[in-house]
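> Fold the stuff below for me.
(chains A and B)
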2 protein chains.
Amino acid sequence: MNTLTSLAASIDGQRFWDDMLEQAKIGALTPRGLRRLALDDNDNKARCWLVDQGRALGCEAFYDAMGNIFLRREGQDPDLPPLLIGSHLDSQPSAGSYDGTLGVLAGLAVLRALQANGIAHRRPIEVVSWTNEEGARFAPGASGSSWFAGQREAASILAAEDDDGVSFADALARCLERLDAHQVNYRPDPFTPFAFLELHIEQGPVLESLGVPACAVQGIQGVNWYSVTVQGQANHAGTTPEHARRDAFTGAHALITALREAVAEHGESVRFTIGKFALEPNATNTIPQRATFSIDLRHPSAAVLAALDETFQRLGAKQWSGCTVELKASSRVPPVEFDSQLVEMLNASVKAYAPDAPQLVSGAFHDAIHLAHRCPTAMLFMPCRDGISHHPDEHIERDDAEIAVRALADTAGTLLGR
Amino acid sequence: MNTLTSLAASIDGQRFWDDMLEQAKIGALTPRGLRRLALDDNDNKARCWLVDQGRALGCEAFYDAMGNIFLRREGQDPDLPPLLIGSHLDSQPSAGSYDGTLGVLAGLAVLRALQANGIAHRRPIEVVSWTNEEGARFAPGASGSSWFAGQREAASILAAEDDDGVSFADALARCLERLDAHQVNYRPDPFTPFAFLELHIEQGPVLESLGVPACAVQGIQGVNWYSVTVQGQANHAGTTPEHARRDAFTGAHALITALREAVAEHGESVRFTIGKFALEPNATNTIPQRATFSIDLRHPSAAVLAALDETFQRLGAKQWSGCTVELKASSRVPPVEFDSQLVEMLNASVKAYAPDAPQLVSGAFHDAIHLAHRCPTAMLFMPCRDGISHHPDEHIERDDAEIAVRALADTAGTLLGR
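I've put the predicted structure just below:
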């Protein structure tokens, strides 16, 4: 007889993988890949497909004011806050079919196992798909989860516009109409889940390099974004001697050398990336008058980020090669530590399959970063090939995925019994 | 009685300055500045204006197959090769009115002084305006002078097209028709002058900083242009640990540090400029997969340029932060040393007015770089405010200019007597 304690073993790996292949058809690109931008026709179609899967399992389907979709399997005690499992179904413009979807369909696999084996559980369980995690069509992302967790106001989310000038509000209205027509129940407001679990691809190379199928995630790095302007003076590259130059490229180069040295003092966990760089006037024989660049700085520790922020501001207040600098933090997202008990439970569930599994800190954002402010939250990662995501080459191994889903189910089973 | 030996003193400073103001009206911009692109209506109008000035002095006017204009004042011995003085009348799109024009009208001032004072001279003198020095409409520049000096074939010059698809050949044909209609004599072929002298604004800050009104120019720096591509791998800025990165920006930064160190070993005369820089995909949270940048490297010594070229190629053959590099020389223009006797004569002429005058090496190209391959050649520089050129803010002091013209006339007087 199957029970909550054997929920992991009850997962139907073949059916889970069939679900993965099925959803990948909605918005499929040729020859491969996925394009399912938030609130576009395919994204709405994926919502309805998910609702249909849940209904076939006897679950009730809900949507809220932000278009988040919930599949609820009732517990023996319907008044208990539900365990929430999920992620997102939307994608980047030219993406793979695992980022996000994996976490939603892992939740669906748990519902299937409960239903197929007639497993009773005190606590209700809901599987969620959050609206617009990617932020590719409407920036910033994580709209549904940040609103649900009380981290962002609806008004600012609704005002966002896509490149064609369509507002989030209008796109959402069409989505909600469609869900209405699909006879999904409207449950407008957020609630407080018992816990939130999210399985996601790592989007980095660590698990693959270790040959590990899954791991528990301890938290999400904090991220500071900076935009830096180095202001010099344009001049003729041939006629201006070194001592008479205020070369914005030279100034930027010297500043970046100093920033790198400061970063190197904080060890291996720092991530420092200059992803954008531009010169003006950008001509071969003209000394640049202005250099602008971005900094993406990440670390799991708020204290380290604060220390580096202070150093960056101090270095930005100096002159470099005669150039003035403006260094502005354009965004600061503090690190999140997941619930330590949940992390330990997931870690134990993973280790049953992969004794060597490490625990990672996520370098990327996920819906869980917001949910962590609403309820005990933790994540599982599984490897993706070459760490690639946001690209049609995104790929996962079925065997790894099955183990990751079983580990998720194992912890879910424990929580559903509480 | 005025003679060649007092030619410098015979210069009419007021008339010279009036000429400068007059030509500045042809293609004037509002509120200031000049736009006289090579072979456009204003450039052709300036040719005719110059012809008219020469004719009023009894000079014969010629044009050659490249539209270069010559004003000839006959010598007592018409068979002697003429002394050639000049520069160019075309400008950058948004320019001042001194770059080029100064050198043509300085020659005109010498013709005026000879004529007004009835000074006889054995050797003929010609004042020249070279076609398309700037290269702003048709690249590359110095078309007229490079062709005249046998440095470039007519066919390659004529094939150039402007941004509107108009060929140099078509624009030149219209120019020549106009000169024909203006009854200018056609003298198609180049000849070998006795010597070529060119007065030009420095386009750099040195003379102004020294408070010196003019100086002799010893030569023109050689210039190597390189285009460099650093190839890494795009990845997520948050999820990719330092050791797993092939960050094209980091690679470029390390390579540039090494290039700078190599350059620094060669002292103050090296000019090293990175004027263009770009990253792909150029997104804040993506590790750059490719960095491309330009190098403009200048030095008066061919040996130093060759040594640095070898070092650059060696550094470019290495990997930097796991990235591969492609470093290609897109252009190599060797340095030119001007005729030492002419330089010394000009230096002596300048020092009569400015005992502290240095001798400079030009960092910018001029028509003289080509003429030096055809006949003994040298240049004079005069200061321009803040070193600015190719901009409406380009400015010179009238008093400095008068001294520079007198120094030119002094040397010209000596050469005309030979």
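> Please count neighbours and contacts with C-alpha atoms only from this point.
Fine.
> any idea of the mean pLDDT for the longest helix seen in chain A?
The longest helix of chain A (DSSP state H) is helix A:398-416. Regarding helix A:398-416, the rounded mean pLDDT is 98.
> before we move on, what about stretch A:349-365?
Mean pLDDT, stretch A:349-365: 96.
> Check whether it comes near chain B.
Yes. Contact of stretch A:349-365 with chain B (CA under 8 Å from any CA of the partner chain) involves A:362-364.
> buried set for the longest helix of chain A?
Applying a neighbour-count criterion of 16 or more other CA atoms under 10 Å in any protein chain shown, one finds A:400-413, A:415-416 buried in helix A:398-416.
> Now do that helix: which elements does it pack against?
helix A:7-10, helix A:13-23, strand A:83-88, helix A:101-116, strand A:195-201, helix A:340-351, strand A:377-382 (3 or more CA pairs under 8 Å, 6 or more residues apart in numbering or on different chains; DSSP states H and E).
> Okay, angle between the second one and helix A:101-116 too, please.
Put simply, helix A:13-23 runs at 130 degrees to helix A:101-116, going by axes from the mean of the first three to the mean of the last three CA atoms, to 10 degrees.
> do the fifth one as well
With the same axes, to 10 degrees as the criterion, the two stretches strand A:195-201 and helix A:101-116 enclose an angle of 120 degrees.
> Show me which residues of strand A:195-201 are buried.
Quick answer for strand A:195-201 (16+ other CA under 10 Å): A:195-201.
> How about the fourth one?
For helix A:101-116, the buried set under the neighbour-count rule, 16+ other CA under 10 Å, comprises A:101-115.
> packing partners for it?
On a contact count with 3+ CA pairs under 8 Å, 6+ apart, helix A:101-116 meets helix A:7-10, helix A:13-23, strand A:83-88, strand A:125-130, strand A:195-201, helix A:398-416.
> Could you export that helix as CSV, CA atoms only?
What follows is helix A:101-116, C-alpha atoms only, in CSV (Å, rounded to 0.1, in the frame of the first residue of the first chain):
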residue,chain,number,x,y,z
THR,A,101,8.2,24.2,-16.6
LEU,A,102,10.2,21.5,-14.9
GLY,A,103,9.1,22.9,-11.5
VAL,A,104,5.4,23.1,-12.4
LEU,A,105,5.3,19.6,-13.9
ALA,A,106,7.3,18.2,-11.0
GLY,A,107,4.4,19.4,-8.8
LEU,A,108,1.9,17.9,-11.3
ALA,A,109,3.9,14.6,-11.0
VAL,A,110,3.3,14.7,-7.2
LEU,A,111,-0.4,15.2,-7.8
ARG,A,112,-0.5,12.3,-10.2
ALA,A,113,1.2,10.0,-7.7
LEU,A,114,-1.2,11.0,-4.9
GLN,A,115,-4.2,10.4,-7.2
ALA,A,116,-3.0,7.3,-8.9
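> If you compare the directions of it and strand A:377-382, what angle comes out?
Interaxial angle, helix A:101-116 versus strand A:377-382 (the same axes, to 10 degrees): 100 degrees.
> quick one: average confidence on helix A:101-116?
So the average pLDDT for helix A:101-116 ends up being 98.
> next one: that helix to chain centre, how far?
What separates the centre of helix A:101-116 from the centre of its chain is 20 Å, taken as CA atoms, centre = their mean, to the nearest Å.
> Please enumerate residues in contact with that helix?
A:7, A:10-12, A:15-16, A:19-20, A:54, A:57, A:73, A:85-90, A:119-120, A:127-129, A:198-201, A:405, A:408-409 (CA atoms under 8 Å, 6 or more residues apart in numbering or on different chains).
> Ranking helices and strands of chain A by mean pLDDT, which lands last?
strand A:235-236 (a mean of 88; mean pLDDT, DSSP states H and E).
> Show me what that strand is packed up against.
Applying 3+ CA pairs under 8 Å, 6+ apart, we find strand A:235-236 packed against strand A:286-287.
> Tell me the strands beside the strand it packs on, with direction?
Partners of strand A:286-287 in the sheet, by DSSP bridges, are strand A:235-236 (antiparallel).
> What count of nearby residues applies to residue A:139?
For residue A:139, the count of nearby residues is 16 (other CA atoms under 10 Å in any protein chain shown).
> With the one 4 residues further on instead?
Counted with other CA under 10 Å, the neighbours of residue A:143 add up to 30.
> so what's it up against?
Residue A:143 neighbours (CA under 8 Å, 6+ apart): A:66, A:130-133, A:135, A:152, A:157.
> where along the stretch 201-350 of chain A do the helices fall?
For the stretch 201-350 of chain A, the helices defined by DSSP state H, counting those that start in this stretch cover A:206-210, A:248-264, A:302-316, A:340-351.
> Would you mind finding the most buried of the ones you listed?
Counting by mean count of other CA atoms under 10 Å in any protein chain shown, helix A:340-351 has the highest mean neighbour count of the helices of the stretch 201-350 of chain A, with a mean of 21.
> what ranges of chain A fall below the confidence cut-off?
Of all residues in chain A, those with pLDDT under 70 make up the ranges A:1.
> how's it carved up into domains?
Per automatic domain parsing, the domain ranges recorded for chain A read A:4-220+A:335-416, A:222-333.
> Make a markdown table out of those domains and add distance to residue B:257.
Shown next, in a markdown table, are the domains of chain A (distance: least, CA to CA, whole Å):
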| stretch | distance to residue B:257 |
| --- | --- |
| domain A:4-220+A:335-416 | 29 |
| domain A:222-333 | 8 |
